[in-house]
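[1] fold the stuff below for me.
(2 chains)
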Amino acid sequence: MIALIDYGVGNLFSLSSSLLAVGGDAVITGEPDVIKKADKLILPGVGAFSDAAEKLRESGLDRVIVDEAKNGKPLLGICLGMQMLFEKSYEYGEHKGLALIKGCVKPIADIIPKDYKIPHIGWNALIFKKETPIFKYIKNGDHVYFVHSYHAADCDENVTAKTEYGAYLTASVQSDNVYGCQFHPEKSGDVGLKILKAFLEL
Amino acid sequence: MITKRIIPCLDVRDGRVVKGVNFKGLKNVASPVELAEYYSRAGADELVFYDITASYEGRRLFTDILTETAKKVFIPLTVGGGINTVNDFDRVLKCGADKVSVNSGAIKDPSLIEKAAKLYGDQCVVLSVDIKRVDGVFTVFSKGGRENTGIEAIEWIKRGVGSGAGEIVVNSIDTDGVKGGFDIEMLNAVCEAVSVPVIASGGAGGYDDFIKLFTALPKVDAGLAASVFHFGEVDIKELKKKMKDNGIEVRI
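    Residues are numbered from 1 along each chain as shown, chains lettered A, B, ... in the order given. A predicted model of the protein is given here:
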């Protein structure tokens, strides 16, 4: 069973539908006991980093997720959920994350040319940087769907793919059993489903 | 590189897909769920569902269809039509929509954009504008293009973006249904005015119209159309191939 962690941030309908489509037994939950029993965890999220981090702390789920991940349970962070895996974010101030992966979250505006639109919205190609089991069914150059204005920085040793948007942005990361996708696999058609299928098979 | 998006639009009334020619004379096409799956397989980058139902029963039927689609189609879904309050946002987002398009609802209550953007984020709010030249001035029309609001379109769009609209759909009434190509002049005026993604709508008649659009206006992010896709005049796979051959970045 996969726990789709519900902490009041974003809509989990599409994500749970896409997991069902690849044969996943997904449960949307905010219950620590269910999260502890699950084989795998997915941490979703949209919106502002500080709100999401605050909600995770208030609910006490931050400790549960960190403990489970440190015990070796596969964890996949998606979009803002991926950003939460890092030590801190510089989105409107400075906010602490779960610190499961070294690095921080910075505005893409810092590195992309001025005439590029923000957010980075749309389908962009993955540029593989490092082998990762969740990409075993897809190939370098496959397109995935992005919607974001911030990305993970100072984390080169854990970057598994980048994407080009006037500069190279972090598209995905892995540190042992902790995985992150800046893009939305649940909105990335067949390529996205293949990534989720590979995660289920870990 | 980010790719140019091709977006089929499905007008849905009483559970069926319809397409108005110049917004009048609606024709039945197919089941929205089937059509959505078909387009997703063909390589559509996104889908837009417009609810043109007036009745309560029709509206419930629409959200059922949306839910059914979101269970089977894993590309971004935008929903528009009858969005007047943040409760309407909530209703369609819960059924699997990723973005919500506002049009007449924002004209009636311009604070709707700001309220929705604060709750769901800018990326969720799409401002759709039906524009027609009136004495040479780009003018906003409401109620499916039937009513002249007297509002100047470029100022309206700038205000919408300032309030938090994350994308703009520019639908030219002057070229809609005519199949003579997108309204390059109007789209250029919008692209010059705002820095959020601009989606071109109205006027696609064939493959060349999309090529012309993206070649003439590299700032346009996406092309939206309905009947050319529904009636098979433009096949999405073939279109993407032609775009690629013309040096336009696409997802294949």
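[2] tell me the helix or strand right after the helix or strand bottoming out on mean pLDDT in chain B.
    Within chain B, no helix or strand scores below strand B:24-28, which has a mean of 45 by mean pLDDT, DSSP states H and E. Helices and strands here follow DSSP states H and E; after strand B:24-28, the next one along the chain is helix B:32-42.
[3] that next one: how far from the chain's middle?
    16 Å (CA atoms, centre = their mean, to the nearest Å).
[4] who does it touch, helix- and strand-wise?
    strand B:5-13, strand B:16-21, strand B:47-51, helix B:56-72, helix B:236-245 (3 or more CB pairs under 8 Å, 6 or more residues apart in numbering or on different chains; DSSP states H and E). Every residue, glycine included, has its C-beta placed from N, CA and C.
[5] closest to chain A out of these?
    Smallest distance to chain A across these (CB to the nearest CB): 4.7 Å, for helix B:56-72.
[6] hang on, the earlier thing: out of the helices and strands packed on helix B:32-42, which gets the lowest mean score?
    Among the helices and strands packed on helix B:32-42, strand B:16-21 carries the lowest mean pLDDT, a mean of 64.
[7] and stretch B:230-241, what's buried?
    Buried residues in stretch B:230-241, defined by neighbour count with 16 or more other CB atoms under 10 Å in any protein chain shown: B:His230, B:Val234, B:Ile236, B:Leu239, B:Lys240.
[8] likewise stretch B:198-217?
    B:198-205, B:207, B:209-211, B:213-214, B:217.
[9] just say helix, strand or coil for the closest residue to B:Phe210 other than its chain neighbours.
    Counting by CB to CB, 6 or more residues apart in numbering or on different chains, B:Phe210 lies nearest to B:Gly223, which is 5.1 Å off, once chain neighbours are set aside. Put simply, B:Gly223 is strand when judged by DSSP: H, G, I helix; E, B strand; the rest coil.
[10] okay, and the beta partners of B:Gly223?
    On the basis of DSSP bridges, B:Gly223 is bridged to B:Ile6, B:Ala200.
[11] now do the contacts for it.
    Going by CB atoms under 8 Å, 6 or more residues apart in numbering or on different chains, B:Gly223 touches B:Lys4, B:Arg5, B:Ile6, B:Ile7, B:Phe182, B:Ile199, B:Ala200, B:Ser201, B:Ala204, B:Phe210, B:Leu213, B:Phe214.
[12] now B:Asp14
    Counting by CB under 8 Å, 6+ apart, B:Asp14 has contacts B:Thr53, B:Gly58, B:Leu61.
[13] and the residue nearest to the spatial centre of chain A, how far from B:Ile236?
    Chain A has A:Ile78 as the residue nearest its centroid, 2.4 Å off, counting by CA atoms, centre = their mean. Separation of A:Ile78 from B:Ile236 (CB to CB, to the nearest Å): 27 Å.
[14] same check, this time on A:His95
    For A:His95 relative to B:Ile236 (CB to CB), the value is 42 Å.
[15] so which bits of chain A are right by chain B?
    A:11, A:13-14, A:17-18, A:20-21, A:46-47, A:117-125, A:143, A:145, A:147, A:164-165, A:186-190, A:192-193 (CB under 8 Å from any CB of the partner chain).
[16] just the residues you listed: which are in strands?
    Members of the residues of chain A next to chain B lying in strands (criterion: DSSP state E): A:His120, A:Ile121, A:Gly122, A:Trp123, A:Asn124, A:Ala125, A:His143, A:Tyr145, A:Val147, A:Glu164.
[17] where in the chain is pLDDT low?
    Here I'm looking at chain A. Along chain A, no part satisfies pLDDT under 70.
[18] wrong one, I was asking about chain B
    Using pLDDT under 70, chain B drops low at B:19-30, B:54.
[19] alongside chain A, which residues does it contribute?
    Counting by CB under 8 Å from any CB, chain B comes close to chain A at B:1-3, B:5, B:40, B:45, B:67, B:70-72, B:74-76, B:93-96, B:98, B:121-123, B:166-167, B:195-197, B:221-222, B:251.
[20] list buried residues within the residues you listed.
    B:2-3, B:5, B:40, B:45, B:67, B:70-71, B:74-76, B:93, B:95-96, B:98, B:121-123, B:166-167, B:196-197, B:221-222, B:251.
[21] buried ones among the ones in strands among the residues of chain A next to chain B?
    The buried subset of those (16+ other CB under 10 Å) comprises A:His120, A:Ile121, A:Gly122, A:Trp123, A:Asn124, A:Ala125, A:His143, A:Tyr145, A:Val147.
[22] which pair in these spans the largest distance?
    Farthest pair in those (CB to CB) is A:Ala125 and A:Val147. Separation: 16.0 Å.
[23] in chain A, what residue is nearest chain B?
    For chain A, CB to the nearest CB, closest residue to chain B: A:His143, 4.0 Å.
[24] go ahead and confirm that residue touches B:Thr3.
    Yes: contact criterion CB atoms under 8 Å: A:His143 and B:Thr3 qualify, at 6.5 Å.
[25] shared neighbours, those two?
    A:Trp123, A:Asn124, A:Ala125, B:Arg251.
[26] distance to A:Lys102 added to these, as a markdown table?
    Output for the shared contacts of A:His143 and B:Thr3, formatted as a markdown table (distance: CB to CB, whole Å):
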| residue | distance to A:Lys102 |
| --- | --- |
| A:Trp123 | 29 |
| A:Asn124 | 25 |
| A:Ala125 | 26 |
| B:Arg251 | 32 |
